[in-house]
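Chemist: return atomic coordinates for the entry below.
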Amino acid sequence: ARALAEASRQLVRAEAARAATARSWGLGSAPLRPPPPPAPEAADRSPGEPGPPPVLGRVHTTDRVIFLTIDDGSRKDPELLRMMNDLQVPFSAFLTDDEVGDGGYDYFRELRRLGVAVHNHALFHRYLPGLPYAEQVRQICGQQQSLLREMGEAPRFFRPPYGAYNRDTLRAATACGIGAVPLWTAEAFPDRIEYSEPGGRLRPGDIVLTHFRGPAEWDGDMPDVVRRVLEAATAQGLAVARLEDYL
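Modeler: Coordinates of the predicted model:
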């Protein structure tokens, strides 16, 4: 009984600490904790099936979770590192080599050390359907090689710039070893969330897009965007989970 009481006190202290950390980042309450990830056989993936990688805007799950993804790589905000580490909020980064720039991968290696998965967003942020197949292969496979060299691992996921793709894009992604092409159902900014479907709400399995940007492009910075997403998710009873656990 004494051990049980002590465990209960520790849990209360831990939750109080989480709430205090959330308040320090301007949140009214701590983000909801995601449920345990599904077993691999229950995840939304089809290993071994022939054909191109699946393209999806949302994950098929009944868990009350959403997924946060951040694209490009031009803005390297140290406050984002600190915020996500403090709050223990997972997200996935989709990097474009020219946006990251020379020497820019150090920031994303630190993100990876904190548990963030890094994925492919092409060598250059170009409209892939307007390119011939061979150039699409170069864009996707070239970034696979860059990420393997810089991060030590070739990613499983590819997101085409602008979310634009054609049959050749998927053929090229297959040739480059891509397992899935996650798009998105909502896009977050410091002052709003734009939804691709009517209703103006997040739903379980939604993939939320934002970008590594800041005051030069927005009226706000990256912690403002994350705060916007977390407030919306928490108000709707949703937690942020790791995309890689579900695909």
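
Chemist: how far away from the center of its chain is the longest helix anywhere in the chain?
Modeler: Among the elements of type helix in the chain, defined by DSSP state H, the one spanning the most residues is helix 2-24. Taking Cα atoms, centre = their mean, to the nearest Å, one finds the center of helix 2-24 at 28 Å from the center of the full chain.

Chemist: how about the CA coordinates for that helix, as PDB?
Modeler: What follows is helix 2-24 as a C-alpha-only set of coordinates in PDB (Å, rounded to 0.1, in the frame of the first residue of the first chain):
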ATOM      1  CA  ARG A   2       2.900   2.300   0.800                       C
ATOM      2  CA  ALA A   3       4.500   1.700  -2.500                       C
ATOM      3  CA  LEU A   4       1.200   2.300  -4.300                       C
ATOM      4  CA  ALA A   5       0.700   5.600  -2.500                       C
ATOM      5  CA  GLU A   6       4.300   6.700  -3.300                       C
ATOM      6  CA  ALA A   7       3.700   5.800  -7.000                       C
ATOM      7  CA  SER A   8       0.500   7.900  -7.000                       C
ATOM      8  CA  ARG A   9       2.300  10.900  -5.500                       C
ATOM      9  CA  GLN A  10       5.000  10.600  -8.100                       C
ATOM     10  CA  LEU A  11       2.400  10.600 -10.900                       C
ATOM     11  CA  VAL A  12       0.700  13.600  -9.400                       C
ATOM     12  CA  ARG A  13       4.100  15.400  -9.200                       C
ATOM     13  CA  ALA A  14       4.900  14.500 -12.800                       C
ATOM     14  CA  GLU A  15       1.600  15.700 -14.100                       C
ATOM     15  CA  ALA A  16       2.000  19.000 -12.200                       C
ATOM     16  CA  ALA A  17       5.400  19.400 -13.700                       C
ATOM     17  CA  ARG A  18       4.000  18.800 -17.200                       C
ATOM     18  CA  ALA A  19       1.300  21.400 -16.600                       C
ATOM     19  CA  ALA A  20       3.900  23.900 -15.400                       C
ATOM     20  CA  THR A  21       6.100  23.300 -18.400                       C
ATOM     21  CA  ALA A  22       3.100  23.700 -20.700                       C
ATOM     22  CA  ARG A  23       2.200  27.100 -19.100                       C
ATOM     23  CA  SER A  24       5.800  28.200 -19.500                       C
END
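
Chemist: show me what it is packed up against.
Modeler: Helix 2-24 is packed against helix 78-87, with contacts defined by 3 or more Cβ pairs under 8 Å, 6 or more residues apart in numbering; DSSP states H and E. Any C-beta I mention is one placed from the backbone N, CA and C, and that applies to glycine too.

Chemist: which strands or helices does the helix it packs on pack on?
Modeler: Using 3+ Cβ pairs under 8 Å, 6+ apart as the contact criterion, the neighbours of helix 78-87 among helices and strands are helix 2-24, helix 105-113, helix 222-235.
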